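**Q** no sequence on this one, just coordinates:
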């Protein structure tokens, strides 16, 4: 029974709450309606008052009010127009500033015709990257001074690779612009001793700028620098990409094959039997071994092209130069490919072994023992009737004597050299006389 009372009480409480919420909602709705009616009555009364006042005020006041409204509207339209034109004016002012700064950066400010970009590249200013970013058109980087130098060519003097990267990223055409002496930025970087910059520029320079068909001088000039600075890896890569460069000439008539003919003699030989070797010495030995390996690969390229008939005279000149410098490896490898090269003479009809004898290059001369036609070589005469023995009887070059101390030892060495050549000369021509009527002994 008690549970029934509790249930009834809860039902009554719920019903009461529901009735109270409904009553409160109804009262709120009536209050909002009353406020809305009051607001409408107030607005109607206000409009009525304004209408009555307007009807009562004179026409002069209406004109004044209309003029004020017109001025306010015109002011509002002017403000809107100003707001629309403001971005255009800012853009115009920005363009004017850019035009002014461009004229400053591209104006020639030195007596040699250098611009601000040339000067910045010369001193390696860090602001050059910011100035080039959307400020200077790429074609301005092709501007040259009175000596034909672009900013990139000037940058090769200091060797700051970051400056070169900034300039090249802006305009790659400047990689192919040479100065007044036909030197590309790549070549100048190596000439100035900046190998890091030179390697970067080599990685960015197209092969067409170095190919002998497009640029007859540039490839040979770069290889000349590579051989002088012993950057054989760059030379090897370039020759692998274009083997015609072996026979190209620079502006002085030098050919890369001539540099290869003296390459091994320019690499110092590592000393053997060293019992105490420090880390710097080991590093130096490893560098020399790497240079020799690269030189051997380059020599292999020369040997693979030795069958070219149109380059016989070039190979002969290279052999004469190798014999003069004592590069026995070059003479040996070329003679293995084509032994007939050993019989070719110069304009005086002197062959490779005559050059070896004249310059006292014993290692090259000893190659005659492995030649089947050594008697033909030993009995050959030049245009003046001199035999190889006559050549041995001439005075040795000064560098040879500089390695021997004292006139007595020098004379002894010269006699030994003469006897060595005489032993290979057939007895029938040992007493042969030249056009002047002199024998070798005389």
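**A** Looks like it came in fine. Just so we're clear, the structure is a prediction, and the values are computed from it rather than from any experiment.
**Q** would you confirm that residue 156 contacts residue 197?
**A** Yes: counting by Cβ atoms under 8 Å, residue 156 touches residue 197, with 6.5 Å between them. Where C-beta positions appear, they are placed from N, C-alpha and C, glycine not excepted.
**Q** quickly list what's touching both of those two.
**A** Common contacts of residue 156 and residue 197 (Cβ atoms under 8 Å, 6 or more residues apart in numbering): 164, 189.
**Q** got the buried residues for the host helix or strand of residue 225?
**A** When elements are assigned from DSSP states H and E, residue 225 belongs to helix 218-228. Neighbour counts over helix 218-228 (16 or more other Cβ atoms under 10 Å) mark 218-227 as buried.
**Q** can you pull out the helices in the stretch 1-150 of the chain?
**A** Assigned by DSSP state H, counting those that start in this stretch, the helices in the stretch 1-150 of the chain fall at 2-56, 59-106, 116-123, 128-132.
**Q** could you identify which of the ones you listed has the lowest mean pLDDT?
**A** Sorting these by mean pLDDT places helix 128-132 lowest, at a mean of 59.
**Q** and residue 357, how many residues sit next to it?
**A** Using other Cβ atoms under 10 Å, residue 357 is surrounded by 29 other residues.
**Q** so what touches the helix or strand it falls within?
**A** Residue 357 is part of helix 352-358, with elements assigned from DSSP H and E. By Cβ under 8 Å, 6+ apart, the surrounding residues in contact with helix 352-358 are 319-320, 323-324, 326, 331, 341-342, 344, 361-362, 364-365, 367-368, 377, 380, 382, 388, 391-392, 394, 397, 421.
**Q** and the residues you listed, which of them are in helices?
**A** Counting by DSSP state H, the part of these found in helices is 319-320, 323-324, 331, 362, 364-365, 377, 388, 391-392, 421.
**Q** possible to save these as CSV with neighbour count and pLDDT?
**A** What follows is these, written out as CSV (neighbours: other Cβ atoms under 10 Å; pLDDT from 0 to 100):
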residue, neighbour count, pLDDT
319, 25, 94
320, 22, 94
323, 27, 93
324, 19, 91
331, 26, 94
362, 13, 89
364, 26, 92
365, 25, 90
377, 17, 83
388, 28, 87
391, 19, 85
392, 23, 83
421, 22, 85
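**Q** any idea which of those is closest to residue 413?
**A** Closest approach between the ones in helices among the contacts of helix 352-358 and residue 413, by Cβ to Cβ: residue 362, at 10.5 Å.
**Q** how deep is residue 27 tucked in, by neighbour count?
**A** Residue 27: 10 neighbours (other Cβ under 10 Å).
**Q** ditto for residue 344
**A** When neighbours are counted by other Cβ under 10 Å, residue 344 registers 17.
**Q** so how far is residue 334 from the nearest residue to it once chain neighbours are set aside?
**A** Nearest residue to residue 344, sequence neighbours excluded (Cβ to Cβ, 6 or more residues apart in numbering): residue 316, at 4.4 Å. As judged by Cβ to Cβ, to the nearest Å, residue 316 and residue 334 stand 10 Å apart.
**Q** who has more neighbours, these two?
**A** residue 334 (23 against 19).
**Q** that one is in contact with residue 305, isn't it?
**A** No: using Cβ under 8 Å, residue 334 makes no contact with residue 305, being 10.4 Å away.
**Q** give me every residue that touches the closest residue to residue 245 other than its chain neighbours.
**A** In space, and not counting its chain neighbours, residue 245 is closest to residue 219: 4.5 Å by Cβ to Cβ, 6+ apart. Contact analysis of residue 219 by Cβ under 8 Å, 6+ apart lists 210-212, 238, 242, 245, 248.
**Q** just send those back as CSV, with pLDDT too.
**A** Output for the contacts of residue 219, formatted as CSV (pLDDT from 0 to 100):
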residue, pLDDT
210, 94
211, 93
212, 92
238, 95
242, 94
245, 95
248, 94
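**Q** which of those ranks first by neighbour count?
**A** Within these, neighbour counts (other Cβ under 10 Å) peak at residue 210, which reaches 26 neighbours.
**Q** once you drop chain neighbours, what's closest to that one?
**A** Spatially, and ignoring its direct neighbours in sequence, residue 210 is nearest to residue 219 (4.0 Å; Cβ to Cβ, 6+ apart).
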